[in-house]
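Asks: sequence and predicted structure below; questions after.
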Amino acid sequence: MARNDVDVLIAGGGFAGLTLAIALRQALGDSFTVAVADPALGRSHAEDERASAIVAAARRLFETIGVWESVAGEAQPILDMVVTDSKLGDAVRPVFLTFAGEIEPGEPFAHMIENRLLVDALEIKAKETGVEFHQTAVANFSVPSAVTSEGGHLLDDAGSSVTVELSEGQGIRARILAAADGARSRLRDAAGIAVHGWNYGQSAIVINVEHERDHGGRAEEHFLPAGPFAILPLKGHRSSIVWTETAREAERIVALPEDEFLAELEQRFKLHLGTLKVIGARRVHPLGFFVARAFIAERMALVGDAAHVIHPIAGQGLNMGLKDVAALAEVIVDAARLGLDPGSASVLERYQRWRRFDTMSMGFATDGLNRLFSNRSDVLRLVRDVGLGLVDRVPNLKRPFIREAAGLVGEVPKLLRGEIL
Ligand SMILES: Cc1cc2nc3c(=O)[nH]c(=O)nc-3n(C[C@H](O)[C@H](O)[C@H](O)COP(=O)(O)OP(=O)(O)OC[C@H]3O[C@@H](n4cnc5c(N)ncnc54)[C@H](O)[C@@H]3O)c2cc1C
């Protein structure tokens, strides 16, 4: 088995893995080696039509690592947002909450961007910064325990590295293994880290639509009894729809013939943007809330969906993953600059302390929102509408909400504040 050594090996070249790789290389330079392994590297992402809301803090990170400039022209700023709460058949949907879209003058609270554009830009930047690519999966890993002589001195460097086995048989030794291998993380399982959480019995139907009229940069979230129906503006006369239904109803709806599918869509979307046309495929994502019991193991850290999956009700999943990335990059860089072992338990524990509590709070907040809004109770509807109306009328309540949603509250890592490491 051929072996080569790197400082950090990242399993998974999605948003989280690639962003971490770039941040580390930019901060620590050529002497700090970073490799990413993922069978999907270098493959075309043209088929991926999903889009994400990138909040202000995440956009600042992408600006800081020099990726935003190559996608900014394709990103649609969210200029304002309306929230309604009604039954499916209601002819009129009263607006309960509106948000103006700026977090600071001239800085939109979020942008919508197609995932493939961002992943392509990250891959290009990672290559430019000298990240080593392995187009294969990580199959397994082990941390040999330290071997000491009678005098207590380390005989071998075992214990100070993790040995990673790639699917094609190659072995790589790293000081840290970052698992950015997504919601069904094989590495999390291999490390024996359990997840706790639950399935919602709901699925999101995700489609893109073209409409006759301009959306004016407005995002809409309609809380319908089956769950939220979000209309998120894309560049041009297009929007991305994230449409929550019970899992069974979602399967029924996506299987409908074109005209019947469009009728279901129009019932929820309404016709304020003129006639609608579905573009591309209809996709269904089962929804759940899962958090890893630990974010670290010996010489290993989980980031992104490998560490947590939340309901897309607030469009925060990826943004939370980027917060992990920014925090992990910061603790590694701080340690490496001080000449300390960046994969030591104390460094990884600093990362875990930083991220786990914040993740639980965001996870429970989105879980609570989903439970409050995805039901048919008239009493709950009255309670939440009074609450929304109150937030809407009191500016001092609204501003913290927007800053929280933009990722700018709490102990924000440097990259998310737009500062270099
Ligand atoms: C319907 C829906 C809407 C959403 N909307 C938003 C939104 O608006 N805003 C937002 O912030 N978030 C949103 N999210 C969440 C967001 O999509 C995810 O949080 C994000 O894609 C996770 O990125 P990641 O890099 O952690 O994982 P992934 O994107 O899943 O990447 C994991 C990578 O790991 C690779 N891999 C897997 N196994 C291995 C292995 N063994 N070895 C090596 N590589 C491996 C895979 O090939 C993949 O490339 C949404 C989610 C859903 C379901």
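Replies: Cool, got the structure. Numbers count the residues shown, from 1 in each chain.
Asks: from here on, contacts and neighbour counts on C-alpha atoms
Replies: Will do.
Asks: where does this structure have low pLDDT?
Replies: Applying pLDDT under 70 to the chain flags residues 1-3, 96, 146-158, 375-376, 379-380, 382-384, 386-398.
Asks: chain center to the longest helix along the chain: distance?
Replies: The helix spanning the most residues in the chain, taking DSSP state H as the definition, is helix 345-373. Relative to the centre of its chain, helix 345-373 is centred 13 Å away, using CA atoms, centre = their mean, to the nearest Å.
Asks: show me what it is packed up against.
Replies: Counting contacts by 3 or more CA pairs under 8 Å, 6 or more residues apart in numbering; DSSP states H and E, helix 345-373 is packed against strand 227-234, strand 276-292, strand 296-297, helix 317-337, helix 378-393.
Asks: make it 7 Å
Replies: helix 317-337 (3 or more CA pairs under 7 Å, 6 or more residues apart in numbering; DSSP states H and E).
Asks: next, the angle helix 345-373 makes with the helix it packs on.
Replies: If you take axes from the mean of the first three to the mean of the last three CA atoms, to 10 degrees, helix 317-337 sits at 170 degrees to helix 345-373.
Asks: any part of helix 317-337 near the ligand?
Replies: Yes - Helix 317-337 is in contact with the ligand by CA under 6 Å from any ligand atom, via 317-319, 321.
Asks: same check on stretch 37-54?
Replies: Yes - counting by CA under 6 Å from any ligand atom, the ligand is contacted by stretch 37-54 at 37-40, 52-54.
Asks: same check on stretch 209-223?
Replies: No - Stretch 209-223 stays clear of the ligand (CA under 6 Å from any ligand atom), getting no nearer than 11.4 Å.
Asks: check the separation of the first and last residues in that stretch.
Replies: 19 Å (CA to CA, to the nearest Å).
Asks: and if you look at stretch 26-44?
Replies: End-to-end distance for stretch 26-44: 25 Å, by CA to CA.
Asks: ok, now stretch 254-274?
Replies: Using CA to CA, the two ends of stretch 254-274 sit 22 Å apart.
Asks: list the buried residues of it.
Replies: 254, 261-262, 265, 268-269 (16 or more other CA atoms under 10 Å).
Asks: before we move on, back to that, now the residues of helix 317-337 next to the ligand as a markdown table including neighbour count?
Replies: Shown next, in a markdown table, are these (neighbours: other CA atoms under 10 Å):
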| residue | neighbour count |
| --- | --- |
| Gly317 | 21 |
| Leu318 | 22 |
| Asn319 | 25 |
| Gly321 | 26 |
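Asks: closest to Gly106 among those?
Replies: Nearest to Gly106, judged by CA to CA, of those is Asn319 at 20.8 Å.
Asks: skipping adjacent residues, who's closest to that closest one in space?
Replies: The shortest distance from Asn319 to any non-neighbouring residue, by CA to CA, 6 or more residues apart in numbering, is to Ala58 (6.2 Å).
Asks: whichever of the residues of stretch 37-54 next to the ligand end up buried, select them in PyMOL.
Replies: Selection of buried members from the residues of stretch 37-54 next to the ligand for PyMOL, criterion 16+ other CA under 10 Å:
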select buried, resi 37+38+39+52+53+54
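Asks: take the buried residues of stretch 254-274 and write them to CSV, including distance to the ligand and secondary structure.
Replies: Output for the buried residues of stretch 254-274, formatted as CSV (distance: CA to the nearest ligand atom, whole Å; DSSP: H, G, I helix; E, B strand; the rest coil):
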residue, distance to the ligand, secondary structure
Val254, 14, helix
Phe261, 18, helix
Leu262, 19, helix
Leu265, 16, helix
Arg268, 17, helix
Phe269, 17, helix
